[in-house]
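J.: kindly return the folded structure for what I paste below:
(2 chains)
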Amino acid sequence: MRYPDLALPEALARLAEFIGGASGDSCAVERAAPLTGGASRDMWLIDAVIGGARERLVLRRDLPTSMVESALSRAQEFHLMQLAHAAGVRVARPRWLCADPDILGGPFFLMDYVQGVSIGRKVVAAPDLAQARAALPGQLAVELAKIHHLPVDSLDFLARPGRTPALDAIAQTYAILDALNVRNPALEFALRWAERHAPLPGAITFIHGDFRIGNLIVHHDGLAAVADWEFTHLGDPDEELGYLCMRDWRFGGAGRVGGIADREPFLCAYEAAGGRTVDRRAVDFWELLGNIRWGVICLSQANRHLSGLDPSVELASLGRRSAEMQYEALRLIRMMETTS
Amino acid sequence: MTVYDRPTLEALIDAARMHLETAIIPAVKGDARLYFQSLVAANILRIAARQASLEAAHLQMLWEGMNALQASDEPFDGDPERLRRRLEARRADLCAAIRAGAYDAEDRAAPLLDHLLMATRLQLEVANPKFLEALDVEDRAGG
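T.: Presented below is the predicted three-dimensional model:
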């Protein structure tokens, strides 16, 4: 078996041997329990005794087939998390990377376990997180400003925009639609509109790439850690602000920013933290484009089921969720047309 | 009167959904993944039942919307399968025209946007009527 179940005793023994070698301490792994995540994640909660001290860790492993081609490898993700951690971004401390696929069937890394809630629906609505919700908007503004200031010169493996970040993203989305052979007038119109109203290229910075409520670990005082660094790329920082505003990440909450905050005070807090002036119109644009792309990805996920490649009731259902993003995209266009 | 005995298509789908909701879902609560997948499966059956009851009317509404957009009077008659194929071809033609820039001008774009909002509402009436309802409430509140 090339891709072993981590809970098997022999896998735990191999993991203990790896941690022992990497840490230079004695190590016994007591338990590995799967963490529920999205369909693309292979994550495990690890209880270990390292050098006599009890430690709780999280293991992230490369899947044999990657769900999204643009996703980074575990080694790249580990490197970026180290960079972010060293710069003081709230992120789980990355511990050890294993590039050898023979240990656990694929490359993996370990990081510190961070206690908290990472279910977006709960973060937006749970009564016992009211205090966290009050603190989060300011904390997110500060973290995003820090992330957008991370040094990018050494990150050769990150894709750099060819024309402009917006036009690149639009071209990629057209390519996915055409590869799927989808003829959807709402998506066509929204893409065409986006192409004709794309913002001029601005700053190119480090972008987390999937910065939304469901990818944060939240405790009672607010943000504990920013998770899921596998879609990091270089791009327009306004992309990340617009993405965070997408309706599907609001979980029914009232604020445009992740269902927890109004947009204007949030953008002002971000500007105060980072010193960069935000183009509101560009943030609108990226919220629109985020909806278009997520609407197209829903169709491409359904296609993985329909093609027989990856039979799954969840993937099948995503096909019919696309209309939500299409409708939101059309509403945003209408809003931008009336306020231009 | 139809070719088939009872239950109707909607009633068949509902029977399977009821089984999932009353027998399967409560029994798999301990397995987070299976529980979630079963909820998704039940929701898929809700979508299918709504489509079974609404599709004929939606087909005609989309057809008429397409006629209005394109100043056409192509009649809505013939067997449903032919109409469905013809509508798919008209949608593909519309996509090509949009991509070629035929709807860029404001006097062309505005009626197209109205048409697409209507067409997407039809999709949501089947896929997620609660989502549509919540947005309508928000829009009425002046959002």
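
J.: what pairs with A:Arg60 across the strands?
T.: Assessed by DSSP bridges, A:Arg60 has beta-bridge partners A:Met43, A:Phe109.

J.: my guess is A:Val58 meets A:Ile46, correct?
T.: Yes. Using Cβ atoms under 8 Å, A:Val58 is in contact with A:Ile46, at 7.0 Å. Backbone N, C-alpha and C define where each C-beta goes, glycine included.

J.: can you give me the strands in the stretch 201-340 of chain A?
T.: Listed in chain order, the strands of the stretch 201-340 of chain A (DSSP state E, counting those that start in this stretch) span A:205-207, A:216-219, A:222-226, A:233-235.

J.: I meant to write chain B there.
T.: Assigned by DSSP state E, chain B shows no strands.

J.: report the central residue of it.
T.: Nearest to the mean C-alpha position of chain B, by Cα atoms, centre = their mean, lies B:Gln123 at 2.9 Å.

J.: tell me which other helices or strands the helix or strand that contains A:Ala48 touches.
T.: Assigned by DSSP states H and E, A:Ala48 belongs to strand A:43-50. When contacts are defined as 3 or more Cβ pairs under 8 Å, 6 or more residues apart in numbering or on different chains; DSSP states H and E, strand A:43-50 packs onto helix A:9-23, strand A:27-34, strand A:53-61.

J.: that older thread, settle it for me: which of A:Val58 and A:Ile46 has more neighbours?
T.: Per other Cβ atoms under 10 Å in any protein chain shown, whichever of A:Val58 and A:Ile46 has more neighbours is A:Ile46, with 22 against 18.

J.: measure the more buried one to chain B for me?
T.: With the distance defined as Cβ to the nearest Cβ, to the nearest Å, A:Ile46 ends up 19 Å from chain B.

J.: what about the residue lying closest to that residue once chain neighbours are set aside, how many neighbours?
T.: Leaving aside its sequence neighbours, A:Ile46 sits nearest to A:Leu57 (Cβ to Cβ, 6 or more residues apart in numbering or on different chains; 4.4 Å). Residues near A:Leu57, counting by other Cβ under 10 Å, number 23.

J.: now do the one 5 residues further on
T.: The number of residues packed near A:Asp62 is 21, by other Cβ under 10 Å.

J.: so where's the stretch 51-200 of chain A uncertain?
T.: A:63-70 (pLDDT under 70).

J.: residues from chain B in reach of chain A?
T.: Residues of chain B lying close to chain A by Cβ under 8 Å from any Cβ of the partner chain are B:32-33, B:36-37, B:40-41, B:43-44, B:47, B:88, B:91-92, B:94-95, B:98-99, B:101, B:103-104, B:109, B:112-113, B:116-117, B:119-121, B:123-124, B:126-128, B:131-132, B:134-135.

J.: pull out the buried members of those residues.
T.: Buried members of those, scored by 16 or more other Cβ atoms under 10 Å in any protein chain shown, are B:37, B:40-41, B:43-44, B:47, B:91, B:94-95, B:98-99, B:103, B:109, B:112-113, B:116-117, B:119-121, B:123-124, B:126-128, B:131-132, B:135.

J.: now, those that are in helices?
T.: Per DSSP state H, helices hold the following members of those: B:37, B:40-41, B:43-44, B:47, B:91, B:94-95, B:98-99, B:109, B:112-113, B:116-117, B:119-121, B:123-124, B:126-127, B:131-132, B:135.

J.: can you map out the helices along chain A?
T.: With DSSP H as the criterion, chain A has helices at A:9-23, A:74-86, A:101-104, A:120-125, A:130-147, A:165-180, A:185-196, A:237-244, A:263-274, A:280-306, A:313-339.
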